[in-house]
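*Asks:* Need coordinates for the below:
(one chain, ligands or ions: 1)
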Amino acid sequence: MDDTYVDKGLENVVAAETRLSSIDGEAGELVIGGFPLAELAANATFEETVFLLWNDRLPTADELDDLRDDLREHRAISDETRNLLREAADRGQSAMDALRMGAASATLARTDGESPERDALVAVAQLPTAAATYWRYRTGEEPLDPRSDLGHAANYLYMLTGEEPSDAATRGLETYLNTVVDHGLNASTFAARAIVSTESDVVSAVTGAVGSLKGPLHGGAPGPVLDMLFDVRDTGDPEGYVEETLDAGERLMGFGHRVYRVRDPRAEVLSAAAERFYADDGDEAFFEFAREFEETAVDVLAERRPDLTLQTNVEFYTAVLLNGIGVPRDLFTPTFGVARVGGWTAHCLEQLEDNRIVRPRARYVGETGRTWTPVENR
Ligand code: COA
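*Replies:* Now for the predicted structure:
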């Protein structure tokens, strides 16, 4: 085998076959479980999307009820996980560190045996509870028990805020969860597949995936996008802000993408969802401001870098939408995890259907032929 070509970021490596999602970066198309993203996002509840990814078809009404019941039954975290999350909050650890602890200890609340399918259920059901429990402790409030009369998205918002969310907020969150549930073989999904390929368990794979998502190159952009929008709104000079950022050699958060050469299709769906939400229930002026900022930024980027196509990515409208529906800034990345766990678990199940341990090779560039020097002579 040829060892001379090393593909460091594996961009040119096709490491799996998947029926879960497909991305066309030139055309700006994303297909999830066979549905164009816009079709899925406009119609599905998150529970339906999870069923679709796990089973490669939509559920019947009875199957959907069963999945809803199963998820409700598994929402509660163990007392030990709760204590761990309180400790994380008290010590000022980050929300993603807390989510990783919540994921890792999820098996403590597993009551009905271990199988990849049961573990997938536990992970999807418990991540929102872990994120919300941490947040309540961090803001000096007692955590709330999950409410079994609410769906997955509405219950997450309830556990965060203590209030039953409006239909508009629930629908906004549901659209977000569906939009980012899966996106090809991204870093965290690859990590999950690599872990489960050793015939380890799905909860371990999800824990590793949360660790991967924590990195700023993967899940960290929406928080800084929101900071940027608030800053620019205060200064009142969007064009000046963009010019100054680029003059300083910095990147504009929420723009550019490794794969998409046109506007990220997820940005399309989320901007429409944000527009609907803000018109209905939010601060319409903030949405208008964000849209004007986007236009200015895209124009300046095109002027400054005519050699590139730097367009709006998913993170820009993630920040606008999540802020509107009341998800705190510090929970943007954990909320991404609450969505992506649907994809991670589906990839784990898919990997196990036709498993081969993930084991790429490395080209050795170290020394050879060394002779040992005893420690007293070094
Ligand atoms: N603002 C300004 N310049 C940008 C830019 C941005 N948001 N994104 C890319 N560029 C420029 C780079 O500086 C680079 O310029 P150079 O050729 O002079 O070095 C060129 O575009 C290509 O950059 P590269 O890093 O190769 O692109 P990439 O495809 O690897 O990067 C991202 C993709 C997403 C990492 C990059 O666009 C980025 O950092 N965006 C901002 C952060 C963000 O929004 N992340 C969320 C992504 S979903």
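
*Asks:* Leaving out sequence neighbours, find the closest residue to the single nearest residue of the stretch 151-300 of the chain relative to the ligand.
*Replies:* Here the stretch 151-300 of the chain gets closest to the ligand at one residue, G256, 2.2 Å apart by C-beta to the nearest ligand atom. Every residue, glycine included, has its C-beta placed from N, CA and C. Once flanking residues are discounted, G256 sits nearest to L310: 4.7 Å by C-beta to C-beta, 6 or more residues apart in numbering.

*Asks:* In a helix, the one you found, correct?
*Replies:* No. Counting by DSSP: H, G, I helix; E, B strand; the rest coil, L310 falls outside a helix, being coil.

*Asks:* Can you name the residue of the stretch 1-150 of the chain nearest to the ligand?
*Replies:* Counting by C-beta to the nearest ligand atom, the stretch 1-150 of the chain gets nearest the ligand through G9, at 8.6 Å.

*Asks:* For burial, what's the neighbour tally of that residue?
*Replies:* 8 (other C-beta atoms under 10 Å).

*Asks:* Roughly how far does it sit from A15?
*Replies:* G9 sits 12 Å away from A15, going by C-beta to C-beta, to the nearest Å.

*Asks:* check contacts around the residue of the stretch 151-300 of the chain closest to the ligand.
*Replies:* 308, 310-311, 313 (C-beta atoms under 8 Å, 6 or more residues apart in numbering).

*Asks:* Is it possible to mark the buried ones in these?
*Replies:* Among the contacts of G256, those buried by neighbour count (16 or more other C-beta atoms under 10 Å) are 310-311, 313.

*Asks:* distance of the residue nearest to the spatial centre of the chain from Y137?
*Replies:* Taking C-alpha atoms, centre = their mean, the centroid of the chain lies closest to F336, which sits 2.8 Å from it. The gap separating F336 from Y137 is 21 Å, by C-beta to C-beta.

*Asks:* hang on, the earlier thing: out of the buried ones among the contacts of G256, which touch the ligand?
*Replies:* Restricting the buried ones among the contacts of G256 to those near the ligand by C-beta under 6 Å from any ligand atom leaves 310, 313.

*Asks:* which one among the buried ones among the contacts of G256 gets closest to A169?
*Replies:* Closest approach to A169 among those (C-beta to C-beta): N313, at 23.5 Å.

*Asks:* give me every residue that touches the closest one.
*Replies:* Counting by C-beta under 8 Å, 6+ apart, N313 touches 221, 254-257, 260, 264, 266-267.

*Asks:* how about 7 Å then?
*Replies:* By C-beta atoms under 7 Å, 6 or more residues apart in numbering, the residues touching N313 are 254-257, 264, 267.

*Asks:* One more: A154?
*Replies:* Contact partners of A154, counting by C-beta under 7 Å, 6+ apart, are 165, 170.

*Asks:* Please pull up the helix or strand immediately following the helix or strand it falls within.
*Replies:* Taking DSSP states H and E as the criterion, the element that holds A154 is helix 152-161. Next helix or strand after helix 152-161 toward the C-terminus (DSSP H and E): helix 167-179.

*Asks:* Now do that following helix against helix 152-161: the angle between them, please.
*Replies:* 110 degrees (axes from the mean of the first three to the mean of the last three C-alpha atoms, to 10 degrees).

*Asks:* How about helix 167-179, which residues are buried there?
*Replies:* Neighbour counts over helix 167-179 (16+ other C-beta under 10 Å) mark 168-179 as buried.

*Asks:* Distance to the ligand and pLDDT added to those residues, as CSV?
*Replies:* CSV is the format used below for those (distance: C-beta to the nearest ligand atom, whole Å; pLDDT from 0 to 100):
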residue, distance to the ligand, pLDDT
A168, 26, 95
A169, 24, 96
T170, 25, 96
R171, 23, 96
G172, 20, 96
L173, 19, 97
E174, 21, 97
T175, 17, 97
Y176, 14, 98
L177, 17, 98
N178, 17, 98
T179, 12, 98
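
*Asks:* so which of the residues you listed comes closest to V206?
*Replies:* L177 (15.7 Å).

*Asks:* I'd like the distance from the closest one to P165, if you could.
*Replies:* Separation of L177 from P165 (C-beta to C-beta) stands at 13 Å.

*Asks:* in the protein, which spans are strands?
*Replies:* Under the criterion DSSP state E, strands of the chain are mapped to 21-24, 29-32, 35-36.

*Asks:* ranking those by burial, who's on top?
*Replies:* Mean neighbour count (mean count of other C-beta atoms under 10 Å) peaks for strand 29-32 among the strands of the chain, with a mean of 22.

*Asks:* Can you name the residues that contact D119?
*Replies:* Applying C-beta under 7 Å, 6+ apart, the residues near D119 are 201-203.

*Asks:* Understood, closing this out.
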